[in-house]
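**Student:** Could you work out the structure for the sequence below:
(chains A, B and C)
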Amino acid sequence: MSQPSMSEALRGVVRRDLLLAMRRRSDVAMSVFFVVIVASLFPLGVGPEPAVLRMIASGVLWVTALLACLLSLGRLFTADYLDGVLEQTLLIPQPLAVLVIGKVFAHWVISGLPVVLLSPLLGLQFGLGGDSLGVLTLSLLLGTPTLSMIGAIGAALTLGLRGSGLLVALLVLPLFVPVLIFGAGAVTSNLAGIGSEANLSLLGACFLLSLAFAPWATAVALRIALE
Amino acid sequence: MSFLGINWFKYSSPQAFHPLAGRMIPWFSAAALALIGIGLYFGFFIAPTDFQQGDAYRIIFVHVPAAWMSMFLYVIMAAWAGLGLGLNARPSFMMAQAIAPTGAMFTFLALLTGAMWGKPTWGAWWVWDARLTSELILLFQYIGIILLRTSIDDLRRADRASAVFALVGVVNVPIIYFSVRWWNTLHQGASVSMTASPKMAATMVTAMLVMTLGFWMYSFAVTLARVRCVIAERERQPSWGKNSSIQEVAEAR
Amino acid sequence: MQWGSPTEFWAMGGYGLYVWTSFGATALCMVWEVLAVWRRHASAAAGSRDMS
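**Tutor:** As a prediction, this is how the structure comes out:
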């Protein structure tokens, strides 16, 4: 039997992680409910005035999605780490960075994609309409995978450490800032009438940059954590 | 390999570097004191009062040097981290470890003095301009590196994990700077910029540069002193393999 | 730069609070750092001595 190719290994990793997640569907639900609840807190804190809500909508929804990603990072590698599968994964001949992409993609499908799909509804709650909703969804579609890829670096660095939840946040939030700026900026500039293309292109650039470098950095960090 | 007649690789062992660092510290300390003294004299007794900002501008004689040092030290720390990862060399990681606290301190001072300068000059304790915001993120990154190291018990993993994060952070800071500059142009309200500094008289520039050099010498001295601590502390722990104690080497001479 | 009197020097044209807080904090931090490293070295060296 010949050695599996890189794409086969990638598909294998994705399929396995998605299958495991299907058996614990609460993971999907958790991200969704978190975003809904937290997004609802802001109007309760700030007041229901529509003009204000529309102004803060992009920032609030983006920060909420960002926090949801942050909180879900603990689930990225921990389960495999605890039952020894991660160590075995390091021994697979295919490049670790490719396998990381697979895991992160599966993780995004479970935690990030539901948020993207839900975002138009949340945008309506904040009084966004028409094409701003589209921009919001598109920005999250580009942004949440980027956040997952960058977050994976932090998750790998803090694998198995005590108090890793807070430490991951401290490490990863500075890295999230540019994505937040461009993502929320896309919706803001759309609302201001300037047009969101520039911000969206920059967001796309962040996505491509992180796709090129983050899985590799994550692989390095995993090897460091597991030696 | 010798350069200037000295076999440099001899000093790549912590035991040999410990006394060398010890001999260098007094020189750097003296240079620091001298330069800071001269810089302060220039800053307070030679540089004139600024036409626009009054005497409040004199804060730049600590603010700018601190900010520059915070960035230099980060890059140098990241360089040592990269060297450590590339060469798998313990002393490089020790240097990175020794630099971090000083870098964090200068970042904190840059932010504090920046606020002190901003309030009388521009009326606000804090503005979200690119430079201050990047400085703030830099502080978070320094703290992250230090906390990551203290959270990991295994020395080798701690060294390498904080090295990876330092390198990732080096890439992040210019990206942050650019993205916040971009963000400021979008939101035209907040256009207070601390980059709009007054045209500076030559004496002002001189004082600033002398202070920066002074802070640099200070950083050398403190970092070398701290790396000696790190070396001594690591001697106590079973770490990357067998170590002979510094005491034995010293006594054997 | 001629200061008329020590009072003028400390007042810094009305901005004394900001200027001296900045310089004071800087001096304080640097002194504190030096002392902290000194203390750390004392305990590190003591630890090494205990081991031998």
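**Student:** How about the residues of the stretch 151-253 of chain B by chain A?
**Tutor:** B:151-152, B:156-157, B:160-161, B:164-165, B:168-169, B:171-172, B:175-176, B:178-180, B:182-183, B:186-187 (C-beta under 8 Å from any C-beta of the partner chain). For glycine as for every other residue, the C-beta is placed from the backbone atoms N, C-alpha and C.
**Student:** In helices, which of the residues you listed fall?
**Tutor:** Among these, the members found in helices (DSSP state H) are B:151, B:156-157, B:160-161, B:164-165, B:168-169, B:171-172, B:175-176, B:178-180, B:182-183, B:186.
**Student:** Could you pick out which of those are also in contact with chain C?
**Tutor:** Okay, of these, nothing touches chain C (C-beta under 8 Å from any C-beta).
**Student:** which of these count as buried?
**Tutor:** The neighbour count (16 or more other C-beta atoms under 10 Å in any protein chain shown) marks B:151, B:156-157, B:160-161, B:164-165, B:168-169, B:172, B:175-176, B:179-180, B:182-183 as buried among these.
**Student:** of these, closest to A:V187?
**Tutor:** Checking these against A:V187 with C-beta to C-beta, the nearest one is B:W183 at 13.0 Å.
**Student:** shouldn't the closest one be in contact with A:G185?
**Tutor:** Yes. Counting by C-beta atoms under 8 Å, B:W183 touches A:G185, with 6.2 Å between them.
**Student:** any weak-confidence spans in chain B?
**Tutor:** Across chain B, the ranges flagged by pLDDT under 70 are B:1-12, B:187-199, B:237-253.
**Student:** need the strands for it, in chain order.
**Tutor:** Along chain B, counting by DSSP state E, strands occupy B:2-3, B:6-7.
**Student:** can you point me to the longest helix in chain A?
**Tutor:** helix A:197-226.
**Student:** counting contacts, what elements does it pack onto?
**Tutor:** Contacts defined by 3 or more C-beta pairs under 8 Å, 6 or more residues apart in numbering or on different chains; DSSP states H and E place helix A:197-226 against helix A:85-91, helix A:96-111, helix A:130-157, helix A:164-191, helix B:155-186.
**Student:** I'd like these as CSV, with distance to C:A36 appended.
**Tutor:** Shown next, in CSV, are the helices and strands packed on helix A:197-226 (distance: least, C-beta to C-beta, whole Å):
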stretch, distance to C:A36
helix A:85-91, 39
helix A:96-111, 40
helix A:130-157, 27
helix A:164-191, 22
helix B:155-186, 20
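**Student:** out of those helices, nearest to A:E197?
**Tutor:** Distance to A:E197, taken as C-beta to C-beta, is lowest for helix A:164-191 among the helices and strands packed on helix A:197-226, at 8.6 Å.
**Student:** Can the closest one be said to contact chain B?
**Tutor:** Yes. Contact of helix A:164-191 with chain B (C-beta under 8 Å from any C-beta) involves A:164, A:167, A:170-171, A:173-175, A:177-178, A:181-182, A:185, A:188-189.
**Student:** Would you mind listing what in chain C touches chain B?
**Tutor:** So far as C-beta under 8 Å from any C-beta goes, chain C lies against chain B at C:1, C:3, C:9, C:12-15, C:18-19, C:21-23, C:25-26, C:29-30, C:33-34, C:37-38, C:40-41, C:44-45, C:47-49, C:51-52.
**Student:** Can you tell me which residue sits nearest the middle of chain A?
**Tutor:** A:S148 (3.3 Å; C-alpha atoms, centre = their mean).
**Student:** Please work out which residues outside stretch A:73-83 touch it.
**Tutor:** With contact meaning C-beta atoms under 8 Å, 6 or more residues apart in numbering or on different chains, stretch A:73-83 is reached by A:20, A:27, A:86, A:89, A:103-104, A:107, A:111, A:148, A:151-152, A:154-156, A:159-160, A:164-165, A:168, A:172, A:222, A:226.
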